[in-house]
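Asker: Sequence below, structure please.
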Amino acid sequence: MHRRAAAAAVGTVLVLAGCTGGAVEVPVPEPDEETAALCEALAERLPETLYDQRRVATDPDSPLVAAWGDPVIALRCGVERPEAYRPDSELTVVDEVAWLPEPQDEPTLFTSMAREAYVEVSVPASYGAPAQGLVAISEVIAAEIPALPPGEY
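Answerer: Sure, this is the predicted structure:
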C-alpha cells in the first residue's frame, strides 16, 4: 500500500507543479550510500530531452530525480522494489533493462528491475506508447547501473 500511495503522490504533486511554471516537485527517494552513488552517475548521463520535451528543474534539486516537459515525465532513482512485483510478473525488456509496468492494463509508471538500483519513470498517458522514453532511459541504466545476478531481485 505504501508504494501505491507514493506513486499517487508523485502523480498528484507533478500535475500541480507542472501548472505553476517553476521547478517541478518530485519526491526524492532515500537509498543507501551505494545506491545513491549509482544514481548520481546515472544522473550525469540522463538526456536533456525526452519525448521531444526539454528537461525541467526539480524541487528539491537532487541527482536522485529528474523531470522533463509538461505534462511532467518524472524519473526517481533509488526507489524501493515495487510491492506489485512478483516472480511471475510480466516485464517489458528494453535494451537489456527489464521494466515492471503499473498498472498492467494501461501503465503510466515503469520501474526498472534486476539492477543494483531501482529506477522509476512516470510517463503521462498523453505521451502515448512509452517505448521512446524507455529506450533513452534504458541505454543509460544499462551503462551505469549493474545488473543483478538472476534470482536476486
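
Asker: what's next to the host helix or strand of Glu44, contact-wise?
Answerer: Element membership of Glu44, judged by DSSP states H and E, is helix 33-45. With Cβ atoms under 8 Å, 6 or more residues apart in numbering as the test, helix 33-45 has contacts from 31, 63-64, 66, 77-78, 116-117, 119, 140-141, 143-146. C-betas here are computed from N, CA, C, even on glycine.

Asker: Which helix or strand in the chain has the lowest average pLDDT?
Answerer: Least confident helix or strand of the chain, by mean pLDDT, DSSP states H and E, is helix 2-18 with a mean of 42.

Asker: contacting residues around Ala23?
Answerer: Ala17, Val56, Ala57, Thr58, Asp59, Asp61.

Asker: Neighbour-wise, which one of those leads?
Answerer: Highest neighbour count within these: Thr58, with 24 neighbours (other Cβ atoms under 10 Å).

Asker: Output the helix holding Glu44 as CSV, restricted to C-alpha atoms.
Answerer: Taking C-alpha atoms only, helix 33-45 is exported to CSV below (Å, rounded to 0.1, in the frame of the first residue of the first chain):
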residue,chain,number,x,y,z
GLU,A,33,25.0,5.3,0.0
GLU,A,34,26.0,2.7,-2.6
THR,A,35,22.7,3.1,-4.4
ALA,A,36,22.8,6.9,-4.2
ALA,A,37,26.3,6.8,-5.8
LEU,A,38,24.9,4.7,-8.7
CYS,A,39,22.0,7.1,-9.1
GLU,A,40,24.4,10.1,-9.2
ALA,A,41,26.4,8.5,-12.0
LEU,A,42,23.1,7.9,-13.8
ALA,A,43,22.0,11.5,-13.4
GLU,A,44,25.1,12.8,-15.1
ARG,A,45,24.2,10.9,-18.3
